[in-house]
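> got a predicted structure plus its sequence, pasted below:
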Amino acid sequence: MFEVFIESVLKIIIFFTVLISSSAYLVLLERKICAYVQDRIGPNRVGFKGLLQPLADLLKLVTKEDIVPKNANKFIHHLSPIISVAIAFSTMAVIPVGDTIEIFGKEIKLQIADVNIGILYILSLTSISVYGIALSGWSSNNKYSLLGGLRSSAQMISYEISMGLAIIGVVMTAGSLELDEIVKSQAGFKWNIFLQPIGFIVFLVASFAETNRTPFDLPEAEPELVGGYHTEYSGLKFGLFFLAEYTNMIIASAIIVTLYFGGWQIPFGENFISSSVVLSITQIFSFLIKVGLMLFFFILVRWTVPRFRYDQLMNVGWKIMFPLSLLNILITGIFYFLF
Amino acid sequence: MIKKQIRKNDLNFFQRTYITEIFKGLSLTFRKIFQKKFTRQYPEEKWNPPISFRGRPVLVQEKNGTERCVACMLCARVCPALAIEIQADETFEYSKERYPKKFEINMLRCIFCGFCEEVCPEEAIVMSQEFELVFSSQDEAIFGKDKLLIPKEKLQNRLEFLRQYR
């Protein structure tokens, strides 16, 4: 019992540090790619080629004045960034980054919590993350924040439905709600993206909307809403929102990779690696590379596709994504009924 | 040729999904990443302005250390921003009767229009190539004769340019 406890705590510490530092560096990556797309160079002053820029950003955020608006609800105003960050990080708990690895004769599962309803856990947490944004918008006592928060909740709720329905297709192919089982069912290049192309597109679009990224970044549409829900936030609390946004991006990519790109599965050459430890490490790297490519895609889309109008967003959500996800379930069902 | 305006109803079903357009856009942004960048790393990589560039106005200093200016006040009169202040005085040296006792340009007011250079009958005030002007106080921004006088040799290019095109 004690051993299990130590093992979980160690895993949590490692996952947490990796996630927090990679989301800090994701900000730098985003700025660099944005600059390169726009024929610029981007931050390159702090450290070698600007690699210490996240540290400088952190220093700036920490030393900034923390302003709370006069008529704001102070308690909720402080609470909402914490909700955002906590939920963003706790989603990582069920994502398998690799198969079991053998260290010192002990088999360790590369997943913090092997929940048998992992997908439901992810879905419920992503719906709770609306609270962080909606509450921050409400408690700031500012019309722009409130509108941003309301837009965000409406958007997330409408896209959650098609997201959940797209996941049902994956659950039907894998026959399990356990994320580890879903990954194992995709062994041998039977990735779900080939089995569920419609479901994949729906899930991808829905996860763009869930993470509030362009083309669905209406909650913080700059020309209309100043900063959206975080207009009245400054200093470290704004930093927490920023961190939560980028962590959500990593988590969303990790979920997409787990559900549709075979998670930690290596597409070819699984039989050529004999040593079990080497195999586990290659599996981890395969997962990380897939997540990295997915993140690159997220960033590239942000600097390519313009923002939707609000009515267009709702039209896409309800009139296209929702029927498409139902159609996906229907097709999968008929396929499994016949064969 | 005016292209016919494309309405949403003119598009077929596949075009309305905009999938090809999105992929075209993505490939464009992806190709842009590997293209040559045009950024100049400024403090390390300086820009050499062309000779027609209008930098800060300076006074031409003759070899004997005096200014060419005869304090005719034309530049002060023509200056649209009222940046130039001159006080004239008498002199009997160097074959001129007047000289500016005080010649000040307020660099916070100067708009670099080059009218002073155009109007000067003595080619005494010219626009230099300097564009890096930083001040920490308003007093510092008022340039007296000590900062304005530049030896003639350094301004030779600009003087030749003026003779060529005027």
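Structure's in. What do you need?

> mind listing what's buried in stretch A:288-298?
A:L288, A:K290, A:V291, A:G292, A:M294, A:L295, A:F296, A:F298 (16 or more other Cβ atoms under 10 Å in any protein chain shown). (Each C-beta comes from the backbone N, C-alpha and C, glycine too.)

> list the contacts of it.
A:26, A:29, A:33, A:97, A:208, A:211, A:213, A:249-250, A:252-254, A:256-257, A:261-263 (Cβ atoms under 8 Å, 6 or more residues apart in numbering or on different chains).

> likewise for stretch A:212-221?
A:133, A:148-149, A:151-152, A:155, A:159, A:208-209, A:225, A:227-230, A:245, A:248-249, A:298, A:301-303, A:305-308, A:310, A:313.

> for stretch A:115-131, same thing?
A:80, A:83-84, A:87-88, A:90-91, A:93-94, A:152-153, A:156-157, A:160, A:163-164, A:167, A:170-171, A:177-180, A:182, A:210, A:244, A:248, A:255.

> my guess is A:H77 contacts A:S136, does it?
Yes. Applying Cβ atoms under 8 Å as the test, A:H77 and A:S136 come out as touching, 7.2 Å apart.

> higher neighbour count, those two?
Shown here are A:H77 and A:S136; by other Cβ atoms under 10 Å in any protein chain shown, A:S136 has more neighbours (31 against 21).

> tell me how many other residues crowd A:N315.
When neighbours are counted by other Cβ under 10 Å, A:N315 registers 13.

> which SS class is A:I266?
For A:I266, the assignment made with DSSP: H, G, I helix; E, B strand; the rest coil gives coil.

> my read: it touches A:S286, true?
Yes. Under the criterion of Cβ under 8 Å, A:I266 makes contact with A:S286 at 4.9 Å.

> out of these two, which sits in the more crowded spot?
A:S286 (21 against 18).

> how far out from the middle of the chain is the helix or strand bottoming out on mean pLDDT in chain B?
Among the helices and strands of chain B, helix B:13-16 carries the lowest confidence by mean pLDDT, DSSP states H and E, at a mean of 76. Relative to its chain's centre, helix B:13-16 lies at 52 Å (Cα atoms, centre = their mean, to the nearest Å).

> stretch A:182-200 too?
With Cα atoms, centre = their mean, you get 19 Å for stretch A:182-200.

> what is the end-to-end distance of it?
15 Å (Cα to Cα, to the nearest Å).

> quick check: buried residues in it?
A:182-186, A:191-193, A:195-196, A:198-200.

> rebuild those residues as TSV, extending it with secondary structure, distance to chain B and pLDDT.
Shown next, in TSV, are the buried residues of stretch A:182-200 (DSSP: H, G, I helix; E, B strand; the rest coil; distance: Cβ to the nearest Cβ, whole Å; pLDDT from 0 to 100):
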residue	secondary structure	distance to chain B	pLDDT
A:I182	helix	27	83
A:V183	helix	28	83
A:K184	helix	32	81
A:S185	helix	28	82
A:Q186	coil	25	80
A:W191	coil	20	82
A:N192	helix	20	80
A:I193	helix	16	81
A:L195	helix	20	82
A:Q196	coil	17	84
A:I198	helix	12	87
A:G199	helix	16	87
A:F200	helix	13	89
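
> ok, the spatially closest residue to B:F14 that is not a sequence neighbour to A:V205 distance?
Using Cβ to Cβ, 6 or more residues apart in numbering or on different chains and skipping the chain neighbours, the partner closest in space to B:F14 is B:T20 (7.9 Å). Remark: distance between B:T20 and A:V205 (Cβ to Cβ, to the nearest Å) = 16 Å.

> show me which of these two is the more surrounded one.
Neighbour count, other Cβ under 10 Å: between B:T20 and A:V205, A:V205 has more, with 21 against 10.

> state whether that one is indeed within a helix.
Yes. Assessed by three-state DSSP, A:V205 belongs to a helix.

> just flag the most distant two among the buried residues of stretch A:182-200.
The span of those, defined through Cβ to Cβ, is set by A:K184 and A:I198 at 23.3 Å.

> please pick the buried ones from the contacts of stretch A:115-131.
The buried subset of the contacts of stretch A:115-131 - by 16+ other Cβ under 10 Å - is A:80, A:83-84, A:87-88, A:90-91, A:93-94, A:152-153, A:156, A:160, A:163-164, A:167, A:170-171, A:177-180, A:182, A:210, A:244, A:248, A:255.

> show me those that map onto strands.
Among the buried ones among the contacts of stretch A:115-131, DSSP state E puts none in strands.

> biggest helix in chain B, by residue count?
helix B:19-33 (DSSP state H).

> so how far is that helix off the chain centroid?
39 Å.

> then that helix to CSV, C-alphas only?
What follows is helix B:19-33, C-alpha atoms only, in CSV (Å, rounded to 0.1, in the frame of the first residue of the first chain):
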residue,chain,number,x,y,z
ILE,B,19,-11.9,22.3,-46.7
THR,B,20,-9.7,22.9,-49.7
GLU,B,21,-9.4,26.6,-48.9
ILE,B,22,-8.4,25.8,-45.3
PHE,B,23,-5.7,23.4,-46.5
LYS,B,24,-4.4,26.0,-49.0
GLY,B,25,-4.1,28.5,-46.2
LEU,B,26,-2.3,26.0,-44.0
SER,B,27,0.2,25.1,-46.7
LEU,B,28,0.8,28.8,-47.3
THR,B,29,1.6,29.5,-43.6
PHE,B,30,3.6,26.3,-43.4
ARG,B,31,5.7,27.4,-46.5
LYS,B,32,6.2,30.8,-44.9
ILE,B,33,8.0,29.3,-42.0
